[in-house]
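Chemist: Would you be able to build a 3D model of this:
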Amino acid sequence: MKKIIFGLFLVTLMVAPIAFASERASDSANRNRVSSANLACASTAVQARESALISAWSKFSTSVTTVLTNRKSALLTAWSLTDTNARRKAIKDAWTTSRKDHKNATIAYKADQKSAWSAFNTASVACGGEASKERTSNSSSSVKIEI
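Modeler: Numbering: from 1, shown residues only. Sure, this is the predicted structure:
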């Protein structure tokens, strides 16, 4: 009788880990599935974020082009002056204005970029699942811009 009980005990010890392993595998597979609604929601959030970032970059590019064009015009006007003091002042003013305008364009770009990510973060929380994982792993898109 002791041999039978001991045998059943050994069989139970060998079968139990297999049963629990298959249960854990099915739980893991269920956790890795994402509903199509969550995927559509995440896709919409990413689409909106990327469109906003592209728009912000386009706006920044246009602003910087305007700054450079205005600086070029101001410098050409300054170099046409015959009075040395007036020319120096005009050149200095052209560069000062250019730096100020470029700084303002950069500040506006960063604000637009932050706004795009903020809207995405809000949307991704509402979506849950995969979108919130991307939100935490890729949001440090810092671009250093110098001209």
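
Chemist: what's stretch 78-96 in contact with?
Modeler: Here stretch 78-96 makes contact (C-beta atoms under 8 Å, 6 or more residues apart in numbering) with 71, 74, 75, 77. Placement of C-beta: from N, CA and C, glycine included.

Chemist: Any chance of a markdown table for those residues, columns neighbour count?
Modeler: Putting these into a markdown table (neighbours: other C-beta atoms under 10 Å) gives the following:
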| residue | neighbour count |
| --- | --- |
| 71 | 18 |
| 74 | 17 |
| 75 | 15 |
| 77 | 13 |
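
Chemist: so of these, which ones are in helices?
Modeler: Members of these lying in helices (criterion: DSSP state H): 71, 74, 75, 77.

Chemist: Let me know the closest of those residues to residue 43.
Modeler: Comparing the ones in helices among the contacts of stretch 78-96 against residue 43 with C-beta to C-beta places residue 71 closest, at 41.9 Å.
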